[in-house]
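> the sequence and its predicted three-dimensional model are supplied below.
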Amino acid sequence: MDTIILKEVTEEDLAFVKQIYDWYILNTTATFHTAPVTIGELKEFMYVQHPRFRSFLIMASDQAVGYCYLTNYKKRQAYDKTAELTIYLAHDCYTKGIGTAALQQLEAVATAAGFKNLLAIISGDNDRSIRFFENNGYFKCAHFKNVGEKFGKVLDVVGYQKEI
């Protein structure tokens, strides 16, 4: 496997991030967005140069192959020790260990930022993501039934948690 490093996202990287995210929007139920997002909409949940909620490109052999970030679980002070995390890889980069390497690095960033809990919010039919988080020490902590609809399919949302 290539060496995987995280590179802080810059404004210039957002077009690449949007390209990956838009593919998932148009082709999967991994996200509940139903139409491509604008860069402005992307920046509403993926922060650039934030001191705690950091965003990264996932680099393999100096090539960007995905992105990951920490964001607010909810914008209320009582949740200051909790972050929601997200990882998206280019759709041809699965099963190469890239996601696990990126997750381990993102967890280290979260620990250094003072977070105690990480949450992954996942579409209930996204078996690949569910297995990924379970295999990396996350446990199912929530299940919301029939809360979304995409491509004519009613979808559940599950929450996975890891205390770090």
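Thanks, I have the structure now.

> all strands of the protein, in order?
Counting by DSSP state E, the chain has strands at residues 4-8, 55-60, 63-72, 82-89, 117-123, 139-150, 153-163.

> what packs against the fourth one?
Looking back up the chat, that one is strand 82-89. helix 14-27, strand 63-72, helix 98-112, strand 117-123 (3 or more Cβ pairs under 8 Å, 6 or more residues apart in numbering; DSSP states H and E). For glycine as for every other residue, the C-beta is placed from the backbone atoms N, C-alpha and C.

> thinking again about what came up before, of all the strands of the chain, which one comes closest to A35?
Nearest of the strands of the chain to A35, taken as Cβ to Cβ: strand 139-150 at 10.8 Å.

> can you list the strands that that closest one pairs with?
Note on strand 139-150: by DSSP bridges, its sheet partners are strand 153-163 (antiparallel).

> pipe the helices and strands packed on strand 82-89 into JSON lines and attach mean neighbour count per row.
Listed next are the helices and strands packed on strand 82-89 as JSON lines, based on neighbours: other Cβ atoms under 10 Å:
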{"stretch": "helix 14-27", "mean neighbour count": "16"}
{"stretch": "strand 63-72", "mean neighbour count": "20"}
{"stretch": "helix 98-112", "mean neighbour count": "18"}
{"stretch": "strand 117-123", "mean neighbour count": "20"}
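
> and those: which comes nearest G40?
Taking these one by one with Cβ to Cβ, helix 14-27 is closest: 9.6 Å.

> returning to that earlier point: closest one to V158 among the helices and strands packed on strand 82-89?
Per Cβ to Cβ, nearest to V158 of these: strand 117-123, 5.2 Å.

> good, wrapping up.
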